[in-house]
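K.L.:
kindly return the folded structure for what I paste below:
(2 chains)
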Amino acid sequence: MDTQNLSPNAPIVVTADVRKRFGTLEVLKGINVKVPQGEVLCIIGPSGSGKSTFLRCINQLERIDAGAIWVGGELVGFRREGDNLYELDDVQIARQRRSIGMVFQRFNLFPHLTVTQNVTEGPIQVLGEKPAEAQERAHALLEQVGLSDKRNAYPAHLSGGQQQRVAIARALAMRPQLLLFDEPTSALDPELVGEVLNVMRDLAQSGMTMIVVTHELGFAREVSHRVAFMDQGQLVEIGDSRSVLADPQQARTREFISAVHK
Amino acid sequence: MTDTVYQVSHLTLVPRRHYGRMIGAAFVCAALAAIVHAFAVGQIEWNYVAEFLTVPAIMSGLVNTVVMALLAMVLGIVLGVIFAIMRLSHNPVLSVTALGYVWLFRAIPALLQLLLWFNLALVFPTISIPGIFSVPTVAVMTPFVAALLGLGIQQGAFTAEVVRAGLLSVDQGQYEAAQTIGMTRLKMLRRIIMPQAMRVIVPPVGNEFIGMVKLTSLASVIQYAEILHSAQNIYYANSRVIELLIVASIWYLLVVTILSLIQGRVEKYYSKGVASPANAK
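P.N.:
Coordinates of the predicted model:
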């Protein structure tokens, strides 16, 4: 097995020289990151910098071309035997994804299911929880994200901010060890951004390990522990969030941050 | 100008008269009345229609029609779903095979396919797995079996295209969200993708079901005792051709009407969660 014995401070995510290409375009040029338990890491950078692709590689929505990713000490997407990495089959990949929650820019709630059913679908169908228990927990999670009154609504009748909060509850229902956020507020009307960021802030304070691709530099500064700046498929700079945002060491980071603040 | 022009409370709105519509409606009503009158005074013995409407031969023909339409449609839907999923597979062998199936069975007329299946014994005198069993093809390929295969398999080719369109109509984000909560491919199709695709699939499949009810009349050519075949057998004996054809028409109308009502119900079921005035609370 590739599972190492994890000490409490062992990183939840380790990526080693992760590379990805779409055709001839190399979108990730060797990314090395370690994310310890309980850390909130924000990834910022211009569009096309590869930050979303990197996030999607972690839960195998994209297959990496080289390098390796470990989540919770387990090699992701491959099985190692000697010096060979054997690609896992669909069932094994699906099992690995259970413990990695993901929140999308466009929410992607299941439109044919009610809010509660969206949250219970994974626990019942994938984890095999009893419907009554899953439902009770879904109601608690919906209360946590402030949507108790929308339990029986269908997604189409919710605002964007409400849909995104349901999506967060749906991800939490799987009891993930890691949450990935792919520009979670970019599709929202400006007045709805705050309610989603507040839920994420509460999650961060509860100790959830989170990787957040975002354009919200304010959120990155206040909530995240570290900020990583990506550009053209490379990790240009990573460090303490306040120092990276206030006093970036790299010229490209400085340019980006000043452009965003304009 | 004085302000009295703007005093409007005593004015009355007079709706426009639609003279064109009135003339058109009168015209259509006259034409309809003429058609009804023509049939009423035409050489149709309506009492024969009433008499033969529920005779046992017609009733068993009706049952055979409904059974054949149902089974052929079930076969068509099962094949359609399988070949649609194959068509969208990343495996080129599966996808090209599905393409070939649709190409072949959509191109050949249904009547011709029925005749081919019915005459399969000319190609393969026996059906056998060596050492296990062997039966003469004529014993297996009864009118019922030939009609079921012919109708069901050609229906599958059409349904495959409908199902494929339905699957493609579901947003890519739905696939990703289902994968993200750890669903396997089959569970994702069954729980997340198909229920959404059904909204697109049901209306055309309902349409094709109605087509299938009528297509079963082709099976009369290979001696399958569906309702048209029964009606023909009776009029060969008593020469009441038009009366018996009207009897069969009445039953087709009734069956198709019931199917249309069921289709409406099914469509409503699969429109759950769609934002529309009808669904808003």
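K.L.:
switch to C-alpha atoms for all contacts and neighbour counts from now on
P.N.:
Fine.
K.L.:
buried sites along the host helix or strand of A:H139?
P.N.:
Element membership for A:H139, per DSSP states H and E: helix A:131-144. Across helix A:131-144, burial judged by 16 or more other CA atoms under 10 Å in any protein chain shown covers A:134-135, A:137-142.
K.L.:
touching, B:Q155 and B:L70? I think so.
P.N.:
No. Between B:Q155 and B:L70 there is no contact, the gap being 11.7 Å when judged by CA atoms under 8 Å.
K.L.:
quick one: which of these two has more around it?
P.N.:
In this view B:Q155 and B:L70 are compared by other CA atoms under 10 Å in any protein chain shown, and B:Q155 has more residues nearby, 28 against 17.
K.L.:
and the more buried one, what does it touch?
P.N.:
B:72-73, B:76-77, B:80 (CA atoms under 8 Å, 6 or more residues apart in numbering or on different chains).
K.L.:
and it, what pLDDT?
P.N.:
You'll see B:Q155 listed with a pLDDT of 96.
K.L.:
what sits closest to B:M194 if chain neighbours are left out?
P.N.:
B:L167 (7.0 Å; CA to CA, 6 or more residues apart in numbering or on different chains).
K.L.:
need the phi and psi values for whichever residue of the stretch 51-200 of chain B sits closest to chain A.
P.N.:
Residue nearest to chain A within the stretch 51-200 of chain B: B:G182 (4.4 Å; CA to the nearest CA). For B:G182, the backbone dihedrals (degrees, to the nearest 10) come out as phi 90, psi 20.
K.L.:
measure it to A:L55 for me?
P.N.:
16 Å (CA to CA, to the nearest Å).
K.L.:
ok, B:F133 next?
P.N.:
Separation of B:F133 from A:L55 (CA to CA): 58 Å.
K.L.:
between these two, who's got more neighbours?
P.N.:
Neighbours per residue (other CA under 10 Å) separate B:F133 from A:L55, with A:L55 holding more: 20 against 8.
K.L.:
against which helices or strands is the one helix or strand the more buried one maps to packed?
P.N.:
Here A:L55 sits within helix A:51-58, counting by DSSP H and E. On a contact count with 3 or more CA pairs under 8 Å, 6 or more residues apart in numbering or on different chains; DSSP states H and E, helix A:51-58 meets strand A:25-36, strand A:178-182, strand A:210-213.
K.L.:
got the residue ranges for the helices in the chain?
P.N.:
Since you didn't name a chain, this refers to chain A. A:51-58, A:90-97, A:115-125, A:131-144, A:160-172, A:190-205, A:217-223, A:241-246, A:251-261 (DSSP state H).
K.L.:
wait, chain B
P.N.:
Going by DSSP H, chain B shows helices at B:19-41, B:46-52, B:56-87, B:92-107, B:110-118, B:137-140, B:143-169, B:172-180, B:185-188, B:194-215, B:227-238, B:241-270.
K.L.:
tell me which of the ones you listed sits most buried.
P.N.:
Of all those, helix B:143-169 has the most neighbours on average by mean count of other CA atoms under 10 Å in any protein chain shown, namely a mean of 23.
K.L.:
partner residues bridging A:V33?
P.N.:
Residues in a beta bridge with A:V33, per DSSP bridges, are A:T15.
K.L.:
hmm, who's touching stretch A:139-156?
P.N.:
So stretch A:139-156 is contacted by A:109-116, A:162-163, A:165-166, A:168-169, A:172-173, A:199, B:273-275 (CA under 8 Å, 6+ apart).
K.L.:
buried subset of those?
P.N.:
Buried by 16+ other CA under 10 Å: A:109-116, A:162-163, A:165-166, A:168-169, A:172-173, A:199, B:273-274, out of those.
K.L.:
that older thread, the inter-axis angle of the helix holding A:H139 versus helix A:190-205?
P.N.:
120 degrees (axes from the mean of the first three to the mean of the last three CA atoms, to 10 degrees).
K.L.:
for chain A, what lies in contact range of chain B?
P.N.:
Neighbours of chain B within chain A, by CA under 8 Å from any CA of the partner chain: A:59, A:61, A:90-91, A:93-98, A:100-102, A:106, A:108-114, A:122, A:125-126, A:154-157, A:171, A:174.
K.L.:
are any of the residues you listed buried, and which?
P.N.:
If we count by 16+ other CA under 10 Å, the residues of chain A next to chain B have these buried: A:59, A:61, A:93-98, A:100-102, A:106, A:108-114, A:122, A:125-126, A:154-157, A:171, A:174.
K.L.:
give me the below-cutoff pLDDT ranges for the chain.
P.N.:
Going with chain A. A:1-9, A:262 (pLDDT under 70).
K.L.:
correction: the question concerned chain B.
P.N.:
For chain B (pLDDT under 70), the answer is B:1-2, B:275-281.
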